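>>> I would like to see how this sequence folds:
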Amino acid sequence: METLAYFSNIRSHIQTELKTSKDSIFVAVAWFTDAKLFDILCQKATSGLDVQLIVMDDEITRNCSIDYRKLEVCGGKVFLINNEITGTLMHNKFCVVDKTNTITGSYNWSIKAQSNHENITITRDSEELAEMFLSEFKRIKIQYHGKDPLKKFDVEIVSKRLTIIENSIQLNELENIKNQIDKISEFQLPSEVQVILEKVNSLKYADASTHIKEYLIRLKALTIFEDVGLEQLIWQIKYLEVEIIALENEKATIEKIISDFVHSYTIAFGELILKILKLKKEKLRTAGRNARVEEYEKAEEEFNKFNEQYKQEKKNDIKDLSDEEKDELKQKYRKAVLLCHPDKFTDDKQKEKAHKIFVLLQEAYSKNNLKKVREILSNLEKGIYEIDEETKVSKKVILLDQLNYLKQRLEELHKVLEKIRNDKTYKDVLSIKNMEEYFNQEKERLELELKAFENEQ
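Here you go, the predicted model:
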């Protein structure tokens, strides 16, 4: 957790926090007349973030140049509080960004506040503090506007979010779960989904995982008769696409963990290992005994194989990224996969076009080429690649063929993942608690091994 107080350039510090937000922004201020800050909220709401604003409904608000309805048009929410009706003054001044960072202080988000002697305190990476302010935000909202009405249950959306939760549990990426729970809770839920949420909220992840799998299997177990509706077929296809892409993402994540480790290890110790293998080979060659011919050939093969691997890894241009950039790389890669995965398309031409883009995307992801991944995602979102989903045809035969193909593909992926999860290198990497300490120990071990070979010469 980091807490910093600011007494000058307050507006610029608030702008920085808002612009770097990735998930949500909740603002509760008495007066909000700063158009530049308001425009940032609108931009974030347009990009899909959960943006909500509580502000006083008085003469200052009514007479300022901001049209607060614009935020709702952009996808955000505005809650006006009229103190003439309520008889109380809403005097809060706080903001919660991404449910972890909190901005508090005496500064109202107004033009006038810029010339006043004001202050703010920004606390980062404290979910506990952020949750306290979010609770207050909800309390104010409910007190004056009541609870948000629950949406009608959407089995497709809820199933997708449950799939994300299940994969997050399997990948131990638990930080992704809360946001999905919040989104699911916006719906009227059947009892079995409520049980799942209770398990997750109680941190009983193993039980929750089992319940999710059972629930999704029941949904998928719909029998397909010849007279089944096309909407049902399309829904089943969509569900399988989501599950396949989730498994593909897990596969890509594991493969990247392995390849990144192999690359780092080979680059760090390649010279040392080559020296050891060369000395080992020379020792066996000079031994001059026929009994060791086979051992020498094996040592030579080992040397040549590693030498080729070392040369290849040196050629691989894998960029160094900060933790923040790594998170962005993963998020943008997964978003792009949803748009261009070949299994989403039945038309051969579309599938071929998607496959080419998917290969480029995977290559950029494997090399930590964040710039290229950004470019591919941007082009996909703008429609530059012109991959239009032409699979929503009315012919039941084509839909059934696609459904059967996806079922087969899903089964293949499960088998591949079962194998890759048991990969020795992957298990070894997961067992390393401190990578820096591990590399130091490996360096010491390899140097001792080299020294031992050198002393035998």
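>>> so where's the stretch 1-150 of the chain uncertain?
Under the criterion of pLDDT under 70, the regions of the stretch 1-150 of the chain flagged as low confidence span 1, 83-91, 113-117, 147-149.
>>> could you redo the last one with a cut-off of 50?
Counting by pLDDT under 50, the low-confidence segments of the stretch 1-150 of the chain come to 85-87.
>>> just the stretch 351-457 of the chain next, same as before
Residues of the stretch 351-457 of the chain that meet the criterion pLDDT under 50 lie in 388-394.
>>> the same query, at a cut-off of 80, please.
Of all residues in the stretch 351-457 of the chain, those with pLDDT under 80 make up the ranges 351, 381-405, 453-457.
>>> quick one, helices of it?
Along the stretch 351-457 of the chain, counting by DSSP state H, counting those that start in this stretch, helices occupy 370-382, 396-421, 424-431, 435-456.
>>> switch those helices over to a markdown table; also include mean neighbour count and distance to residue 247.
Bear in mind the C-beta positions are built from the backbone N, C-alpha and C, glycine included. Conversion of these to a markdown table gives the following (neighbours: other CB atoms under 10 Å; distance: least, CB to CB, whole Å):
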| stretch | mean neighbour count | distance to residue 247 |
| --- | --- | --- |
| helix 370-382 | 16 | 20 |
| helix 396-421 | 14 | 5 |
| helix 424-431 | 12 | 16 |
| helix 435-456 | 12 | 27 |
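>>> residue 212 against residue 162, yeah?
Yes: with the criterion set as CB atoms under 8 Å, residue 212 and residue 162 qualify as a contacting pair; they are 5.1 Å apart.
>>> touching both of those two, which residues are there?
Taking CB atoms under 8 Å, 6 or more residues apart in numbering as the contact criterion, the residues that touch both residue 212 and residue 162 are residue 196.
>>> which pLDDT value belongs to the residue positioned nearest the centre of the chain?
Closest to where the C-alpha atoms of the chain average out (CA atoms, centre = their mean) is residue 331, at 4.1 Å. Taken from the predicted model, the pLDDT recorded for residue 331 is 86.
>>> hang on, the earlier thing: how about the helices of the stretch 351-457 of the chain, which one is nearest residue 243?
helix 396-421 (6.2 Å; CB to CB).
>>> angle of the closest one against helix 424-431?
An angle of 70 degrees separates the directions of helix 396-421 and helix 424-431 when computed by axes from the mean of the first three to the mean of the last three CA atoms, to 10 degrees.
>>> show me the chain divided up by domain.
2-145, 155-220 (automatic domain parsing).
>>> picking up where we left off before, which of the helices of the stretch 351-457 of the chain sits closest to residue 187?
With respect to residue 187, and counting by CB to CB, the nearest of those is helix 396-421 at 25.8 Å.
>>> which strands or helices does the helix or strand hosting residue 207 pack on?
Taking DSSP states H and E as the definition, one finds residue 207 inside helix 205-220. With contacts defined as 3 or more CB pairs under 8 Å, 6 or more residues apart in numbering; DSSP states H and E, the packing partners of helix 205-220 are helix 155-170, helix 191-201, helix 230-287.
>>> and among those helices, the most buried is which?
Ranked by mean neighbour count, these are led by helix 155-170 with a mean of 19 (mean count of other CB atoms under 10 Å).
>>> what's the first helix or strand after that helix?
Moving toward the C-terminus from helix 155-170, the next element (DSSP H and E) is helix 177-184.
>>> quick one: that next one to chain centroid distance?
Its chain's average C-alpha position is 14 Å from that of helix 177-184, according to CA atoms, centre = their mean, to the nearest Å.
>>> packing partners of it?
Helix 177-184 makes packing contacts with helix 155-170, helix 191-201 when contacts are defined by 3+ CB pairs under 8 Å, 6+ apart.
>>> mind checking the pLDDT average for that helix?
Over the span of helix 177-184, the pLDDT mean works out to 85.
>>> picking that back up, just how off-centre is the helix holding residue 207 within its chain?
Averaging C-alpha coordinates over helix 205-220 and over its chain gives two centres that are 22 Å apart (CA atoms, centre = their mean).
>>> what residues sit buried inside it?
By 16 or more other CB atoms under 10 Å, the buried positions in helix 205-220 come out as 205, 208-209, 211-212, 215-216, 219.
>>> that one to helix 177-184, inter-axis angle?
On the basis of the same axes, to 10 degrees, helix 205-220 is oriented at 40 degrees to helix 177-184.
>>> what's the angle from helix 205-220 to helix 191-201?
Relative orientation of helix 205-220 and helix 191-201, computed by the same axes, to 10 degrees: 160 degrees.
>>> put the alpha carbons of helix 205-220 into CSV.
The C-alpha atoms that make up helix 205-220 are tabulated as CSV, following Å, rounded to 0.1, in the frame of the first residue of the first chain:
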residue,chain,number,x,y,z
TYR,A,205,-12.9,-22.1,-4.4
ALA,A,206,-12.6,-25.9,-4.9
ASP,A,207,-16.4,-26.4,-4.0
ALA,A,208,-17.3,-23.4,-6.2
SER,A,209,-15.3,-24.9,-9.1
THR,A,210,-17.1,-28.2,-8.8
HIS,A,211,-20.5,-26.5,-8.7
ILE,A,212,-19.7,-24.4,-11.7
LYS,A,213,-18.6,-27.4,-13.8
GLU,A,214,-21.7,-29.3,-12.8
TYR,A,215,-24.0,-26.4,-13.6
LEU,A,216,-22.4,-25.7,-17.0
ILE,A,217,-22.5,-29.4,-17.9
ARG,A,218,-26.2,-29.5,-17.2
LEU,A,219,-26.7,-26.5,-19.5
LYS,A,220,-24.7,-28.1,-22.2
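>>> mean confidence for that helix?
Along helix 205-220, the predicted confidence averages to a pLDDT of 82.
>>> nearest residue to residue 319 other than its sequence neighbours?
Excluding its sequence neighbours, the residue lying closest to residue 319 (CB to CB, 6 or more residues apart in numbering) is residue 368, at 4.3 Å.
>>> could you check how far that neighbour is from residue 331?
According to CB to CB, to the nearest Å, residue 368 and residue 331 sit 14 Å apart.
>>> before I go, just wanted to say thanks for your time.
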